[in-house]
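S.K.: got a predicted model here, sequence first, then my questions.
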Amino acid sequence: MNIIRQTVLKRSHRGLSTLPSATTVAPIEPIEEPDRLIRTLELECKSNEPAVLRSFCKFALSVGNNFGIECKSWTPKKPIHERYTVLKVVHIFKKHRVQYETRTYFSFVQYQKMTGSTADTLLEYVQRNLPEGVALKATKVEVQEIPEHLRENERQDS
């Protein structure tokens with residue numbers, strides 16, 4: 001039998017006081033569920049600063065290697081340029097314009113063949129160490145069993 005200790009807060013005229021109390025709870029049996037299989041976990045990282053992005057991708061690769069997972073990284077050659085042209089003055093003088101430009105650099109890290117619990121742990125660790133100015137998008141590809149109604153069709157065809 002498990003015993004759970006609870007702390008009850010009671011308000012009195014002198015402020016808050018804590019009174020420990022013990023409650024008994026029936027034992028909970030864990031439900032054994034098979035772990036999921038993840039074929040690939042792909043991280044898409046983007047930033048306006050290429051040095052920070054390179055450093056983070058190096059970190060993400062070393063995390064994958066420490067977990068014992070196959071991993072690879074690649075970056076597109078050119079960043080995405082966005083240019084905005086704005087008038088300096090609100091009213092007139094169309095010849096007085098200013099251009100602003102942002103460059104967004106991308107990098108991809110891909111992890112191969114792992115279990116669902118490993119993928120969740122890896123992803124949480126990488127997300128907690130995400131530096132400022134880096135956006136992260138994670139995509140998981142999970143391996144699943146063929147549904148029963150599709151397996152019956154395969155048997156009938158052969």
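M.R.: Done, it's in.

S.K.: given the strand or helix carrying residue 108, what are its sheet partners and their directions?
M.R.: For residue 108, the host element (DSSP states H and E) is strand 97-115. Using DSSP bridges, the strands paired with strand 97-115 are strand 37-47 (antiparallel), strand 70-74 (antiparallel), strand 80-87 (antiparallel).

S.K.: what angle separates the helix or strand following the longest one from strand 37-47?
M.R.: Translated: strand 37-47. Downstream of strand 37-47, the first helix or strand assigned by DSSP H and E is helix 50-67. Here helix 50-67 runs at an angle of 160 degrees relative to strand 37-47 (axes from the mean of the first three to the mean of the last three Cα atoms, to 10 degrees).

S.K.: residue 128: which of the strands paired with strand 97-115 is closest?
M.R.: When the strands paired with strand 97-115 are compared by Cβ to Cβ, strand 37-47 sits nearest residue 128, at 13.7 Å. C-beta here means a position set from N, CA and C on the backbone, and glycine is covered the same way.

S.K.: what does that closest one contact?
M.R.: By Cβ atoms under 8 Å, 6 or more residues apart in numbering, the surrounding residues in contact with strand 37-47 are 53, 56-57, 60, 104-116, 118-119, 122-123, 126, 133-143.

S.K.: can you pull the contacts of the nearest residue to residue 130 once chain neighbours are set aside?
M.R.: What sits nearest to residue 130 in space, not counting adjacent residues and going by Cβ to Cβ, 6 or more residues apart in numbering, is residue 136, at 5.7 Å. Counting by Cβ under 8 Å, 6+ apart, residue 136 touches 43, 44, 45, 126, 127, 130.
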